[in-house]
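Peer 1: Pasting a predicted model and its sequence here:
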Amino acid sequence: MCGIFGIANHADASNMTHLGLYALQHRGQESTGMSSSDGDQVFTHKAMGYVAEVFSEEVLRRLKGMNAIGHTRYSTAGDSNEGNAQPLVVKSCGTFGTVSLVHNGNLINALSLRDRLEKQGAIFQSTSDSEVILHLLARSEAGNLMDALVETLLQVQGAFCLLLLTADSLIGIRDANGFRPLNIGKINGSYVLASETCAFDLIGATYIREVEPGEMVLIRGDELKSVKALHAPRLAKCIFEHVYFSRPDSVVFGRTVQTSRDQLGRILAQESPVDADIVVPIPDSGVAAAIGYSQESGIPFAFGLIRNHYVGRTFIEPKTKIRNFGVKVKLNPVRELLTGKWVVLIDDSIVRGTTSRKIVKMVRAAGAKEVHVRISCPPTVSPCFYGIDTPTKKELIASSHTVEEIGKYIEADSIGYLSLPGLIRAVAGKGNEFCTACYTGQYPIDFVDMTTDVKAQNLQLDLWEASLKD
Ligand code: SF4
């Protein structure tokens, strides 16, 4: 859950990157940072907070040069603190000079690699999995940075889209499974790389294509060199980018996300129809699918729940438990629309079930006669280890309850989930090119570090219990 952006050969590189990070803010809100380079030096600034808070005009003036990379972070490996904010910079990295790195994704063997490196004397500055890459790079004896990177990345496993900045070049790499998106754009003579194409739209760049899974691109001046550097037996593009994570106005894995979300709702309406008066989304995540559901079913769409967009990450639940402030502070029902109605409530997922239960209650208390819940993806049964923050398996209600039991728990009059084939049809994919592990429990790459990661421990326990039953 991070956003990355890079630009080369642009007179206003740091300002362009600043704008690009604004467009990618939804991918991470804990910390942000940027490195720029002017042919001789690399300059870096990073801090906790939003893009709007961290970069002042003065800071952007100090980020000199024609090349820049930036990062918005949400921690899925390593703690949420300034030490883990990116870019991560190594001042003297073998013969390569200063190298700055930003990473989107999660390495699944970072702990064992870190352990090995520490035994060899490496001193880590952060608890981020991304730092492992820099330490491996620093130890490489390869003659150039591209070769050293390939040597390094052959040792890491998991999900990674990386941007690296040196004094005079920008490098972009996508792991061979293609878990996370990375795109190439162009503005005049400048190449741009970004997690999502909405960042290109903001700066007026044209989308060219994806960085292919396993591809490494080296950009120096106005030239782009491409190498197919890494190979994997299968693709595993994260289907959740289309369900929830990416912005609807982005092109991700070559397809507009809004098109996928509309299809999610339409196919859900075909698979799980219901007699009702209005289709109400749980904002904002349920809106696009609810519009699709409404258009397919012919049931009118209504904004029956209004979201407060200004709550932010600092909301502290008051001690009193008299009312459910947590949900109420974010959502408020529109009584006039709901009173006396049969309502289809649309969302993109049920995680623990507690919030959905409160929302169903809230809609009923606002006067709805019946509340039918429809979810625009299959039940979430397993956690993600490739860079999306999900609770442990034990906390996921669908890992231990049937759909019917979930419906009873959240007190809905009926419940329906989109099927897995329906989901794959909605994103116009061939099933085997996507990772769908959070819906199937079938992970596309094996785990290495199962001993110290708490989430991994939960999964290991479950696998162990399952093997005992077998
Ligand atoms: S487990 Fe789910 S969220 Fe994680 S990469 Fe796979 S599809 Fe995406």
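Peer 2: Nice, thanks for sending it over.
Peer 1: CA atoms for contacts and neighbours, from now on please.
Peer 2: Noted.
Peer 1: Would you mind measuring from T339 to the ligand?
Peer 2: 37 Å (C-alpha to the nearest ligand atom, to the nearest Å).
Peer 1: what's the neighbour count on the closest residue in space to that residue that isn't next to it in sequence?
Peer 2: Leaving aside its chain neighbours, T339 sits nearest to G367 (3.9 Å; criterion: C-alpha to C-alpha, 6 or more residues apart in numbering). Neighbour count for G367, taken as other C-alpha atoms under 10 Å: 18.
Peer 1: ok, now I133?
Peer 2: 21.
Peer 1: now for the helix or strand that it is a member of, which elements pack on it?
Peer 2: Applying DSSP states H and E as the criterion places I133 in helix 131-139. Packing contacts for helix 131-139, counted by 3 or more C-alpha pairs under 8 Å, 6 or more residues apart in numbering; DSSP states H and E, involve helix 110-119, helix 145-153.
Peer 1: looking at those, which is closest to the ligand?
Peer 2: The ligand lies closest to helix 110-119 among the helices and strands packed on helix 131-139, at 16.8 Å (C-alpha to the nearest ligand atom).
Peer 1: What residues does the chain have near the ligand?
Peer 2: Contact residues (C-alpha under 6 Å from any ligand atom) of the chain with the ligand: C238, I239, F240, C384, F385, Y386, I388, C435, T436, A437, C438.
Peer 1: could you dump the residues you listed to CSV with pLDDT and secondary structure?
Peer 2: As requested, the residues of the chain next to the ligand are exported to CSV (pLDDT from 0 to 100; DSSP: H, G, I helix; E, B strand; the rest coil):
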residue, pLDDT, secondary structure
C238, 95, strand
I239, 95, coil
F240, 93, helix
C384, 90, coil
F385, 89, coil
Y386, 90, coil
I388, 84, coil
C435, 95, strand
T436, 94, coil
A437, 94, helix
C438, 93, helix
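Peer 1: Which two among those residues are spaced furthest apart?
Peer 2: In these, the most distant members under the criterion C-alpha to C-alpha are I239 and F385, with 13.8 Å between them.
Peer 1: can you redo the residues of the chain next to the ligand as a markdown table with distance to E405?
Peer 2: Below are the residues of the chain next to the ligand laid out as a markdown table (distance: C-alpha to C-alpha, whole Å):
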| residue | distance to E405 |
| --- | --- |
| C238 | 28 |
| I239 | 26 |
| F240 | 24 |
| C384 | 23 |
| F385 | 27 |
| Y386 | 29 |
| I388 | 26 |
| C435 | 27 |
| T436 | 23 |
| A437 | 22 |
| C438 | 19 |
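Peer 1: Buried ones among these?
Peer 2: C238, I239, F240, C384, F385, Y386, I388, C435, T436, A437, C438 (16 or more other C-alpha atoms under 10 Å).
Peer 1: Show me where the stretch 351-470 of the chain has its strands.
Peer 2: 370-375, 414-417, 434-435 (DSSP state E, counting those that start in this stretch).
Peer 1: Show me the strands paired with the first one, marking each as parallel or antiparallel.
Peer 2: Paired strands of strand 370-375, with direction, are strand 342-347 (parallel), strand 414-417 (parallel) (DSSP bridges).
Peer 1: returning to that earlier point: looking at the helices and strands packed on helix 131-139, which one is packed in the most?
Peer 2: helix 145-153 (a mean of 18; mean count of other C-alpha atoms under 10 Å).
Peer 1: Show me what secondary structure element comes after that one.
Peer 2: strand 161-165.
Peer 1: Can I get that following strand as CSV, trimmed to CA atoms?
Peer 2: The C-alpha coordinates for strand 161-165 follow below in CSV (Å, rounded to 0.1, in the frame of the first residue of the first chain):
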residue,chain,number,x,y,z
CYS,A,161,7.8,-2.2,-7.9
LEU,A,162,10.9,-0.2,-7.4
LEU,A,163,12.2,3.2,-8.6
LEU,A,164,15.9,4.0,-8.1
LEU,A,165,17.5,7.3,-8.5
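Peer 1: picking up where we left off before, mind putting the strands paired with strand 370-375 into TSV with mean pLDDT and mean neighbour count?
Peer 2: Listed next are these as TSV, based on pLDDT from 0 to 100; neighbours: other C-alpha atoms under 10 Å:
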stretch	mean pLDDT	mean neighbour count
strand 342-347	97	26
strand 414-417	98	22
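Peer 1: Distance to K393 added to the ones you listed, as CSV?
Peer 2: Below are the strands paired with strand 370-375 laid out as CSV (distance: least, C-alpha to C-alpha, whole Å):
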stretch, distance to K393
strand 342-347, 20
strand 414-417, 19
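Peer 1: separation between the nearest residue to G422 once chain neighbours are set aside and W342?
Peer 2: Spatial nearest neighbour of G422, excluding adjacent residues (C-alpha to C-alpha, 6+ apart): I267 at 6.3 Å. Distance of I267 to W342, computed by C-alpha to C-alpha, to the nearest Å: 21 Å.
Peer 1: residues touching T44, list them.
Peer 2: Residues near T44 by C-alpha atoms under 8 Å, 6 or more residues apart in numbering: G33, M34, S35, S36, L63, P87.
Peer 1: 10 Å - rerun?
Peer 2: By C-alpha atoms under 10 Å, 6 or more residues apart in numbering, the contact list for T44 reads 33-37, 59-60, 62-64, 68-70, 86-89, 100.
Peer 1: ok, now Y310?
Peer 2: V329, K330.
Peer 1: hmm, back to that, closest to I278 out of the helices and strands packed on helix 131-139?
Peer 2: The nearest among the helices and strands packed on helix 131-139, by C-alpha to C-alpha, is helix 110-119 at 48.4 Å.
Peer 1: Just checking the distance from the closest one to the centre of its chain.
Peer 2: 26 Å (C-alpha atoms, centre = their mean, to the nearest Å).
Peer 1: for stretch 164-174, same thing?
Peer 2: With C-alpha atoms, centre = their mean, you get 22 Å for stretch 164-174.
Peer 1: remind me which residues of the stretch 101-250 of the chain are low pLDDT?
Peer 2: When residues are selected by pLDDT under 70, none of them lie in the stretch 101-250 of the chain.
Peer 1: change it to 90
Peer 2: 106, 108-111, 120-130, 137-146, 189, 232-233 (pLDDT under 90).
Peer 1: Can you report how many residues lie near V311?
Peer 2: Using other C-alpha under 10 Å, the number of residues around V311 comes to 11.
Peer 1: ok, now which ones touch the residue of the chain most remote from its centre?
Peer 2: In the chain, counting by C-alpha atoms, centre = their mean, G340 sits farthest out from the average C-alpha position, at 38.7 Å. Each residue near G340 by C-alpha under 10 Å, 6+ apart is listed here: D277, R364, A366, G367, A368, K369, E370.
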